[in-house]
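S.K.: Sequence and predicted structure are below.
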Amino acid sequence: MAIRVLLADDHIMVRDALAQLISAEADIELVGVAADGREAVLQAQVLKPDVALLDVSMPEINGIEATAQIRKYVPGCRVIAVSGLGDPCFLSQMVAAGVRGYVLKSESAKTLVDTVRQVHAGVDCLPDDQPAPPRPGRTLLSQREREVLARVATGRRGSQIAEDMGIAVKTVDTYRRRIMQKLGLQSQSELVRYALALGGGIGRSVPRG
């Protein structure tokens, strides 16, 4: 029986290329294609794929949030990140959200196809040179931390974030420290770069379909 795969990527050329690659495999069936994280979660609930291939940086909902929600609503679906972001902080958050594989877009088509087969068979395929990943959910950012991070991505300063959220500036600073600790970031500039890389798809959710 073919492995049923859902694909989500916001770049049309990448999405089309990956769709063509997956569809060419006799033992893999592409059952759905999504242009953002929100659509991916909704399609996963309807289609119940065996494997979901998700980009990390997507609009509406990023790959981290989409992974967590797919794992919640469709626990039988195994998620693989397919990303151009190789930094350990992105890997750690995707693993905390529940991914079983992480493939960089710079890797070969064979690597991706092999990863789909292995993950479907129950084998985790994560980079060998990364530190031991956290247990799923252990270091995933909280809703409030994601709200702060989303505002960091828009260039809001600490006092502005505090006013937006109706909390004290010191509380904002505490959230930022927690975020940096969970992500293994060493400076505010790294935090800003992480937030910008995820774009607008931070801190949103999709109701169960």
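M.R.: That came through fine.
S.K.: Confirm for me that residue 58 is in contact with residue 10.
M.R.: Yes. Using C-beta atoms under 8 Å, residue 58 is in contact with residue 10, at 4.8 Å. C-beta coordinates here come from the backbone N, C-alpha and C atoms, glycine included.
S.K.: more crowded one of these two?
M.R.: residue 58 (28 against 19; other C-beta atoms under 10 Å).
S.K.: if I look at the more buried one, how far off is residue 158?
M.R.: Distance of residue 58 to residue 158, computed by C-beta to C-beta, to the nearest Å: 27 Å.
S.K.: Likewise for residue 22?
M.R.: Counting by C-beta to C-beta, the gap from residue 22 to residue 158 is 44 Å.
S.K.: Between these two, which is the more surrounded one?
M.R.: residue 22 (22 against 18).
S.K.: and the more buried one, what does it touch?
M.R.: 5, 7, 28, 30, 53, 113, 116 (C-beta atoms under 8 Å, 6 or more residues apart in numbering).
S.K.: swap the cut-off to 6 Å and go again
M.R.: Neighbour list for residue 22: 5, 28, 30 [criterion: C-beta atoms under 6 Å, 6 or more residues apart in numbering].
S.K.: Torsion angles phi and psi at residue 3?
M.R.: Main-chain dihedrals, residue 3, degrees, to the nearest 10: phi -80, psi 120.
S.K.: Go ahead and confirm it touches residue 118.
M.R.: No. Between residue 3 and residue 118 there is no contact under C-beta atoms under 6 Å: 10.8 Å.
S.K.: Identify the contacts common to residue 58 and residue 10.
M.R.: Common neighbours of residue 58 and residue 10 (C-beta under 6 Å, 6+ apart) are residue 36.
S.K.: just so I have it, where are all the helices in the protein?
M.R.: In the chain, the helices defined using DSSP state H lie at 12-23, 37-47, 63-73, 88-97, 109-120, 143-153, 158-165, 169-183, 188-198.
S.K.: Show me what the third one is packed up against.
M.R.: Just to be clear, that refers to helix 63-73. For helix 63-73, the elements it packs on are helix 37-47, strand 51-54, strand 78-83, helix 88-97, judged by 3 or more C-beta pairs under 6 Å, 6 or more residues apart in numbering; DSSP states H and E.
S.K.: Out of these, which one sits most buried?
M.R.: Highest mean neighbour count of the helices and strands packed on helix 63-73: strand 51-54, a mean of 28 (counted as mean count of other C-beta atoms under 10 Å).
S.K.: Give me the packing partners of that strand, helices and strands only.
M.R.: Looks like strand 51-54 contacts strand 3-8, helix 63-73, strand 78-83 (3+ C-beta pairs under 6 Å, 6+ apart).
S.K.: hmm, what's the outermost residue in this structure?
M.R.: residue 168 (29.7 Å; C-alpha atoms, centre = their mean).
S.K.: which stretches of the chain have low pLDDT?
M.R.: Counting by pLDDT under 70, the chain has low-confidence residues at 129-139, 199-209.
S.K.: any residues touching stretch 43-52, and which ones?
M.R.: Contacts of stretch 43-52 (C-beta under 6 Å, 6+ apart): 3-6, 31-32, 34, 70, 73-74, 77-79, 116, 120, 209.
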